[in-house]
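A.B. asks: what shape does this take:
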Amino acid sequence: MRIFRQDNRGFTLIEVVVAMGITLVALLGLLQAIAVVSEQNLQNMQRDEAVQVAEGQMNQFRVLPFSQIVTCAACTDSLYTYPVTIAPSRLRGGAGTYSVTRTTVVSADLSQINTGVKVEWTYKGKLTSHEVHSIRSN
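C.D. replies: Have a look, this model is predicted:
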C-alpha cells in the first residue's frame, strides 16, 4: 500500500476565496476613491471656468472709458444692476450654464465706480457662485 505524503506547495480553496474577498474589498475602495476624485475634478473645472467667465466680463468693464460705464444716476443707493446674462459651459460632460450678474456702484463724490461681476452655477442641486470686484477712479 502506498502512502501519500502531504504536500504544502499550494493554496487551499478557502485560502483562494479569502484572498479574492480581500482583493475585492480593496478594489471597491479604490473604485470609490476614483469616483470621488473625478467628481472633485469636475467641480474644480467648473469653478475655473466660472473664474474665466467672471474675468472676461470684468475685462469688458476695464476697457471701457470711465465715462461710458453705465451707472444709475436716478437711484438713491447708487447701485446699478445690468440684466442677467447666461454664459454656456464648454466643459465635457455638460456643466450647464453660468448666470452672470454685473453691477456698478458709484461713490458719493462720483469719482469712483465699484464694478462687480457675480457668476452662479448649479451642480447636483447645489448653487455655487464666484464674485470679482474692481474699483475704477476718474
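
A.B. asks: all contacts plus neighbour counts: C-alpha atoms, from now on.
C.D. replies: Noted.

A.B. asks: shouldn't Ile86 be within a strand?
C.D. replies: Yes. Judged by DSSP: H, G, I helix; E, B strand; the rest coil, Ile86 forms part of a strand.

A.B. asks: nearest residue to it other than its sequence neighbours?
C.D. replies: Distance criterion CA to CA, 6 or more residues apart in numbering; nearest residue to Ile86, sequence neighbours excluded, is Ser99 at 4.8 Å.

A.B. asks: quick check: which element contains that neighbour?
C.D. replies: Per DSSP states H and E: Ser99 is located in strand 97-106.

A.B. asks: give the pairing partners of that strand; include direction for each.
C.D. replies: Take DSSP bridges as the rule and strand 97-106 pairs in its sheet with strand 79-81 (antiparallel), strand 85-88 (antiparallel), strand 112-123 (antiparallel).

A.B. asks: could I get those strands as TSV with mean pLDDT, distance to Glu15 and mean neighbour count?
C.D. replies: Supplementary listing: these in TSV, determined by pLDDT from 0 to 100; distance: least, CA to CA, whole Å; neighbours: other CA atoms under 10 Å:
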stretch	mean pLDDT	distance to Glu15	mean neighbour count
strand 79-81	84	70	18
strand 85-88	90	55	13
strand 112-123	91	45	20
